[in-house]
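K.L.:
Sequence and predicted structure are below.
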Amino acid sequence: MRPRSTIQFDHFPTTERTWIVERIEANIEGGINEAPVCHDGASALRRHVMERYAASLRVYAQGSSFRWLDDADSLVNGFFVSRLARPEYLAQWIASAMPLRRFLANGLLLFMREQHRARTRRVKRLGASIDAMFSRGADALAAPIDASAFAQFEREWAREVLGQACAQAQAVLESTGKSFAWRLFERHFLDGATYQEAARELGVRDESARPFARLAQAKVREALKSLLALEGVAESDMDCAIANIYRIVAT
């Protein structure tokens, strides 16, 4: 019997993607309702995906051409219930080599199209007028991915990822007695204070301010790399991916 996972979902290790893949493989092999350990791993994996991506997907649903189908919460919850209950669904993400956020956004779009088709079939069976009842969504099925909605989705995702990375970096620094390094980082990189101003406020020597702030910046980068590993970002692409997050958040 495999040991139960001890991973805490608020601090993801650099081996997160390996753990994710192991949970997916265990889920496929054991079945979603078989073997308590596999079930625990599958439940943790589903919970993690829902917690990480729900807000971004709601923004995408709200901005899409299918928003008339239902409120964004209901669409995203329905998508999660429909897809994450399938043991093979996240295995398809691994096989796709796509970033997870794009895989989920595409999946949500397909789910909403399915809902549109199902509703259309119901209306036809009832003999109602599709044009009268669903005039707002008449052309939605043929519509391409809404670039504006996806851009909103990307912005929400980038803000969440950067916020989580900052929270992780702060927690690491505070747990090692370097909370002042985080405050220097906040004052300089987030608030725009000079190193000298931040140093005076926090009672740190001017010459020490820059190295401590850079230490915090490095911790944020480490956390971003860990979080982006879940997205399927290769090590060779990390610099570009991190720069893209900062670019999106800044716009």
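P.N.:
Okay, I see it. None of the values given here were measured: they were computed from a predicted structure.
K.L.:
check contacts around the closest residue in space to residue 98 that isn't next to it in sequence.
P.N.:
Once flanking residues are discounted, residue 98 sits nearest to residue 232: 6.8 Å by CB to CB, 6 or more residues apart in numbering. For the C-beta atoms, the positions are set from N, CA and C on the backbone; glycine is no exception. Applying CB atoms under 8 Å, 6 or more residues apart in numbering, we find residue 232 in contact with 17, 93, 97, 98, 99, 100.
K.L.:
Please apply the same query to residue 49.
P.N.:
80, 84, 90, 100, 104.
K.L.:
What is the burial count for the closest residue in space to the first one that isn't next to it in sequence?
P.N.:
Think residue 80. Residue nearest to residue 80 in three dimensions, not counting chain neighbours: residue 50, with 5.5 Å by CB to CB, 6+ apart. Look at residue 50: counted by other CB atoms under 10 Å, it has 14 neighbours.
K.L.:
And the helix or strand residue 50 falls within, what's buried?
P.N.:
According to DSSP states H and E, residue 50 maps onto helix 36-63. Of the residues in helix 36-63, 38-39, 41-42, 44-46, 48-49, 52-63 count as buried by neighbour count, 16 or more other CB atoms under 10 Å.
K.L.:
And for stretch 231-244?
P.N.:
For stretch 231-244, using 16+ other CB under 10 Å, the buried residues are 231, 232, 233, 241, 242.
K.L.:
export that stretch as PDB, just CAs?
P.N.:
The C-alpha coordinates for stretch 231-244 follow below in PDB (Å, rounded to 0.1, in the frame of the first residue of the first chain):
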ATOM      1  CA  GLU A 231       1.300  24.500 -15.900                       C
ATOM      2  CA  GLY A 232       3.700  22.300 -17.700                       C
ATOM      3  CA  VAL A 233       6.200  25.000 -18.300                       C
ATOM      4  CA  ALA A 234       9.600  23.600 -19.100                       C
ATOM      5  CA  GLU A 235      12.700  24.800 -17.200                       C
ATOM      6  CA  SER A 236      14.000  26.400 -20.500                       C
ATOM      7  CA  ASP A 237      10.900  28.500 -20.800                       C
ATOM      8  CA  MET A 238      10.700  29.600 -17.200                       C
ATOM      9  CA  ASP A 239      12.300  33.000 -17.700                       C
ATOM     10  CA  CYS A 240       9.900  33.900 -20.500                       C
ATOM     11  CA  ALA A 241       6.900  32.600 -18.600                       C
ATOM     12  CA  ILE A 242       7.700  34.600 -15.400                       C
ATOM     13  CA  ALA A 243       8.400  37.700 -17.500                       C
ATOM     14  CA  ASN A 244       5.000  37.200 -19.100                       C
END
